[in-house]
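1. the following comprises the amino acid sequence and a computationally predicted model.
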Amino acid sequence: LLMKLYVYPQNKNMYDEYIEHSNPRYANSKDIGRELEVHTYENAVVLGQCKGWRTEDGINRFSEINSGCLDTDNQWIKDSETHFGQVDDYQIDTPIEYVDEEVLYGGFIIPHYGHFLTQSVLRLWAYFKNDYQGNKIAFSAGPGDIPQYAKDFFALAGIAKENIIFVRKPTRFKKVLIPEKAVMPDWGYYSKEFLVPFHKIRDNENIAAGTAERIYMSRCKFGGKAHCFGEEAIEEVFRKNGFKIVYPEMLTLEEQVSLMKGAKHLAALNGTPLNNGFFAYPGLKVWSLSRCSSFNGQIVSAYLAGYDAAFIDVYYDILPVAHAVGPFVVGVSKELNQALKEENLLPGTAEEPVDKYFAGWIETYLANYLDDASLAKLLSVCRDKKERRMLAAVFSLYAQKLTWLRIWWLICWKLSKKEKKQKYKMFYKNSKNIKKTMEGLKESAGFIRSQVAKTINLRITPELIFEIDDSLEYGEKIEKILKELKNEGSGVNEE
């Protein structure tokens with residue numbers, strides 16, 4: 001597997017740990033190395049959509065969407081666990097219907113295209129084995145309509161409608177056969193069996209191969225919650241290099257499969273669009289452009305499908321963001337230009353686009369996080385609601401009141417209390433022109449404080465102190481020196 005990294009220095013260790021399995025979290029992220037199994041349960045119950053608790057990083061979290069199966073005594077069957085984990089607190093509020101049939105358990109129909117491809121069809125490999133071709137498949141489903149992409153997926157894979165049962169309320173079957181998941185969540189094992197239904201669709205003779213060999217899947221016309229600023233510049237770089245620009249949410253599943261059958265090079269911001277690569281023929285080159293600092297999970301897909309993969313950082317985080325929520329600021333990074341250069345492709349104009357999109361970004365950020373519980377997690381350095389409101393108010397002022405102040409790659413690293421809560425220190429990442437920016441901030445500190453007082457109701461409005469935080473820059477410098485010393489040491493040993 002050819003895998004290249006074009007990532008920011010602070011991220012390299014994270015990817016090395018995964019590739020080398022040096023971090024215990026990733027130790028089991030490898031091919032399972034055996035045939036997957038199918039386990040049989042007599043008189044088992046298939047649940048519809050239900051709520052429950054799951055464990056994530058050692059913390060119990062409530063999940064609005066989950067499902068699975070119960071045994072004959074209505075106890076949880078661990079084999080049926082979804083990506084969202086075990087349902088510990090399920091309730092059966094309606095009589096359990098009985099169906100005198102033997103079914104394969106397919107999993108849970110997730111109403112999200114990307115997660116459907118990576119989580120809803122993890123057990124579907126078993127249907128295409130000779131021993132189970134005659135079985136119907138039971139999928140847990142929510143109360144809404146089954147998404148069209150799910151119906152199309154099953155149809156293109158050759159599964160007749162009459163062989164699929166969508167279970168919306170608890171239903172007991174004569175026998176439930178539960179195949180092992182072909183991919184274990186949270187960086188666990190994986191099996192090539194995962195690709196079986198995708199290859200069935202790819203090999204469908206009724207789907208013609210597309211003519212474009214280079215494809216960039218853009219999110220520029222995506223209307224979802226995860227807003228992205230700056231992708232137009234990236235899109236233009238790929239356009240001038242002969243990539244066909246497509247907007248996957250405007251295409252049918254069959255049209256996306258057709259594109260993948262003819263593709264040799266696929267690029268996109270990491271996330272749902274790149275999952276279409278599962279439909280491609282061997283040898284596909286995939287460029288996954290990281291839109292935030294979170295670990296790029298597309299690396300698992302690369303191992304699964306055997307891509308020639310490159311992971312390229314193009315994000316410019318202002319504050320921490322969740323991968324699924326955003327908002328994101330992206331641009332043509334030096335790392336992207338390096339990847340383009342090595343492919344003999346034309347580079348773009350590298351820029352730090354933060355100040356260009358700052359006002360729109362902060363407005364979207366506040367809309368996503370200000371009243372959301374996730375703000376506490378993302379801004380974990382802000383220990384209480386008052387601190388978070390203080391930080392949000394100051395950033396809101398940047399967007400609404402202080403547009404005259406030129407903001408250059410400004411990052412608030414932390415907010416700390418000082419002298420019995422009467423003062424707040426705000427630390428900013430050191431960068432070019434930061435001194436000029438800090439002068440402007442200090443001159444306007446009184447004005448900012450007065451505006452904060454109007455924005456949030458505090459008995460005493462703390463004094464705001466702005467300082468430069470050069471700890472990251474210092475850490476990068478130390479890392480560089482250590483690397484140079486290591487290289488010098490290697491040279492001495494070789495001689």
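-> Looks like it arrived, so ask away. Numbering: from 1, shown residues only.

2. in this protein, which spans are helices?
-> Counting by DSSP state H, the chain has helices at residues 12-20, 113-115, 148-156, 196-202, 231-240, 253-262, 298-305, 334-342, 354-369, 374-378, 385-400, 434-443, 445-455, 471-494.

3. the fifth one packs against which elements?
-> Under the contact criterion of 3 or more Cβ pairs under 8 Å, 6 or more residues apart in numbering; DSSP states H and E, helix 231-240 touches strand 214-217, strand 244-246, strand 265-269, helix 334-342. To be clear about C-beta, it is placed using only N, CA and C from the backbone, and glycine gets the same treatment.

4. redo that, cut-off 7 Å
-> strand 244-246 (3 or more Cβ pairs under 7 Å, 6 or more residues apart in numbering; DSSP states H and E).

5. for the closest residue to residue 258 other than its chain neighbours, give me the pLDDT.
-> Of all residues beyond its chain neighbours, the one nearest residue 258 is residue 210 (4.8 Å), with distances taken as Cβ to Cβ, 6 or more residues apart in numbering. pLDDT, residue 210: 96.

6. need the contact list for residue 171.
-> 45, 46, 96, 97, 99 (Cβ atoms under 7 Å, 6 or more residues apart in numbering).

7. list only buried entries from these.
-> 45, 46 (16 or more other Cβ atoms under 10 Å).

8. buried ones in stretch 180-199, by neighbour count?
-> For stretch 180-199, by 16+ other Cβ under 10 Å, it's 180-185, 187, 189-198.

9. any idea how far residue 252 lies from residue 216?
-> Per Cβ to Cβ, to the nearest Å, residue 252 is found 19 Å from residue 216.

10. more neighbours, the two?
-> residue 216 (24 against 11; other Cβ atoms under 10 Å).

11. partner residues bridging that one?
-> For residue 216, the beta-bridge partners are residue 245, residue 267 (DSSP bridges).

12. can I assume it is in contact with residue 266?
-> No - counting by Cβ atoms under 7 Å, residue 216 does not reach residue 266; the two are 8.0 Å apart.

13. re earlier: worst average pLDDT in the helices of the chain?
-> helix 374-378 - the lowest mean pLDDT of those, at a mean of 46.

14. hang on, the earlier thing: the residue nearest to residue 258 and residue 117, how far apart?
-> From residue 210 to residue 117 the distance is 19 Å (Cβ to Cβ).

15. those two: which is more packed in?
-> More crowded of residue 210 and residue 117, by other Cβ under 10 Å: residue 117, with 23 against 18.

16. pLDDT value on the more buried one, please?
-> So, for residue 117, pLDDT stands at 93.

17. contacting residues for it?
-> 275, 278.

18. again, but for residue 197
-> Contacts of residue 197 (Cβ under 7 Å, 6+ apart): 121, 124, 125, 128, 157.

19. the fourth one: neighbouring residues, count only.
-> In other words, residue 128. Look at residue 128: counted by other Cβ under 10 Å, it has 16 neighbours.

20. leaving out chain neighbours, which residue sits closest to it?
-> Closest residue to residue 128 apart from its sequence neighbours, by Cβ to Cβ, 6+ apart: residue 196 at 5.4 Å.

21. how far away is that neighbour from residue 258?
-> On the measure of Cβ to Cβ, residue 196 and residue 258 end up 20 Å apart.

22. please apply the same query to residue 276.
-> For residue 276 relative to residue 258 (Cβ to Cβ), the value is 11 Å.

23. tell me the angle the strand ranked longest in the chain makes with helix 148-156.
-> Counting residues, the longest strand in the chain under DSSP state E turns out to be strand 97-108. Strand 97-108 and helix 148-156 are oriented at 100 degrees to each other (axes from the mean of the first three to the mean of the last three Cα atoms, to 10 degrees).

24. ok, residue 158 touching residue 200?
-> Yes - using Cβ under 7 Å, residue 158 makes contact with residue 200 at a distance of 6.3 Å.
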